[in-house]
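K.L.:
I need the structure of the sequence given here:
(one chain, ligands or ions: 1)
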Amino acid sequence: MTEQTMNRVALLTGAAKRIGAETARVLHASGMNIILHHNASADLANALAAELNAVRAESVVTIGFDLKQIERLPELAEKAAAAWGRIDLLVNNASTFYPTEMDQIDLTQWHDLIAVNLQAPLFLSQACSRFLREKSGSIVNIVDIHGDRPLKGYPIYSIAKAGLIAMTKSLARELAPEIRVNGVAPGAIMWPEVEAYEAVHQEIIDRTALKREGHPNDIAKTVQFLCDGPDYITGQIIAVDGGRTLSN
Ligand SMILES: NC(=O)c1ccc[n+]([C@@H]2O[C@H](COP(=O)([O-])OP(=O)(O)OC[C@H]3O[C@@H](n4cnc5c(N)ncnc54)[C@H](OP(=O)(O)O)[C@@H]3O)[C@@H](O)[C@H]2O)c1
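P.N.:
Numbers count the residues shown, from 1 in each chain. Predicted coordinates for the structure are as follows:
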């Protein structure tokens, strides 16, 4: 296979289910090979890989890795690059999300939320940068509208996502001109799997201009746009929130 006919390769973190899985499907349908990273959801990751490999043989591999092992992230990058000898796109999608009321915040929560939502994207980007540079590749960070407008009751998560927005802009400068770095900020796309959120579903939709929740495909297509669309975009965050951030 020549350089021209070789499929480009995307590494997606936390891609066994939900938004990450849909993004993997969309990027795969666009012709990319996929490195599907997961942690606990090995069965789901393997099922998705089998589904996509049935569409195009040997186009998806899975890698299990706990992103809290920050010092070992270079191993993840090496393993990912070894699959097809290249990485063209890194999507930092994995996340932990739960409330941390101010009077109960502790360092365990801090280390967990900051590690997965901020440290891992930074150090995985660092570890992947030499591979991305070779292919003039790009990084897409999945941030959150609450990185700009903190979510009440979720201060550490909001701080982490605010940091990820800053990281997106900072790395866009640091890794230019070879690597573009952008972010996608979802609004209400898929309700989190935490009970505390159920009571506020309708309230959030009422405050969203389009009066409905979005679909993971909205995020996936935006990631694909940032990867394949105009290559003069870097350091930008695109809100995919149905107009949620237009109002208070
Ligand atoms: N859902 C929404 O409406 C919404 C709104 C705003 C922003 N976002 C952002 O969009 C992205 C995707 O959202 P989502 O709701 O689909 O995410 P999610 O289900 O909360 O998490 C995605 C994956 O992150 C992985 N993960 C968590 N801790 C990990 C660790 N220590 N090591 C490795 N992987 C770990 C999990 O993998 P395993 O299952 O394999 O353990 C999980 O499946 C996230 O960055 C989120 O913050 C989502």
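
K.L.:
Tell me who's in contact with the most centrally placed residue in the chain.
P.N.:
Centroid-nearest residue in the chain, with Cα atoms, centre = their mean: Asn93, separated by 1.9 Å. By Cβ atoms under 8 Å, 6 or more residues apart in numbering, the contact list for Asn93 reads 12-15, 19-20, 23, 142. Where you see a C-beta, it was placed from the backbone N, CA and C, and this is true even at glycine.

K.L.:
Kindly report the residues of the protein close to the ligand.
P.N.:
If contacts are counted using Cβ under 6 Å from any ligand atom, the residues of the chain sitting beside the ligand are 14, 16-20, 38-41, 66-68, 93-97, 116, 142, 144, 186, 188-190, 192.

K.L.:
Among those residues, which ones are in strands?
P.N.:
Among the residues of the chain next to the ligand, the ones falling in strands (DSSP state E) are 38, 142, 186.

K.L.:
among the residues you listed, who's most crowded?
P.N.:
Neighbours here mean other Cβ atoms under 10 Å. Within those, the largest count is held by Ile142, at 27 neighbours.

K.L.:
How confident was the prediction at the residue nearest to it when sequence neighbours are not counted?
P.N.:
Setting aside the residues directly before and after it, Ile142 is nearest to Asn93 in space (Cβ to Cβ, 6 or more residues apart in numbering), at 4.6 Å. pLDDT recorded at Asn93 is 98.

K.L.:
in the lowest-mean-pLDDT helix or strand in the chain, what's buried?
P.N.:
The least trusted helix or strand in the chain, going by mean pLDDT, DSSP states H and E, turns out to be helix 201-206, with a mean of 90. Of the residues in helix 201-206, those scored as buried under the neighbour-count criterion (16 or more other Cβ atoms under 10 Å) are Ile205.

K.L.:
Next: stretch 128-137.
P.N.:
So for stretch 128-137, counting by 16+ other Cβ under 10 Å, buried means 128-129, 131-132, 135, 137.

K.L.:
Need the buried ones from the residues of the chain next to the ligand selected in PyMOL.
P.N.:
To isolate the buried ones among those in PyMOL, judged by 16+ other Cβ under 10 Å, type:
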select buried, resi 14+16+17+18+19+20+38+39+41+67+93+94+95+96+97+116+142+144+186+188+189
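
K.L.:
What number of residues are in the vicinity of the closest residue to Glu134 other than its chain neighbours?
P.N.:
If you skip the residues right next to it in sequence, Glu134 has Arg86 as its closest partner in space, 7.0 Å away by Cβ to Cβ, 6+ apart. Using other Cβ under 10 Å, Arg86 is surrounded by 19 other residues.

K.L.:
Could I get the pLDDT score of Arg86?
P.N.:
Reading off the per-residue confidence, Arg86 sits at a pLDDT of 98.

K.L.:
Where do the helices of this protein begin and end?
P.N.:
Along the chain, the stretches classed as helices by DSSP state H are 18-29, 42-55, 73-84, 107-114, 120-134, 155-174, 201-206, 216-228.

K.L.:
Give me whichever of those is most buried.
P.N.:
helix 18-29 (a mean of 23; mean count of other Cβ atoms under 10 Å).

K.L.:
That one packs against which elements?
P.N.:
With contacts defined as 3 or more Cβ pairs under 8 Å, 6 or more residues apart in numbering; DSSP states H and E, helix 18-29 has these neighbours: strand 9-12, strand 33-38, helix 42-55, strand 89-92, helix 216-228.
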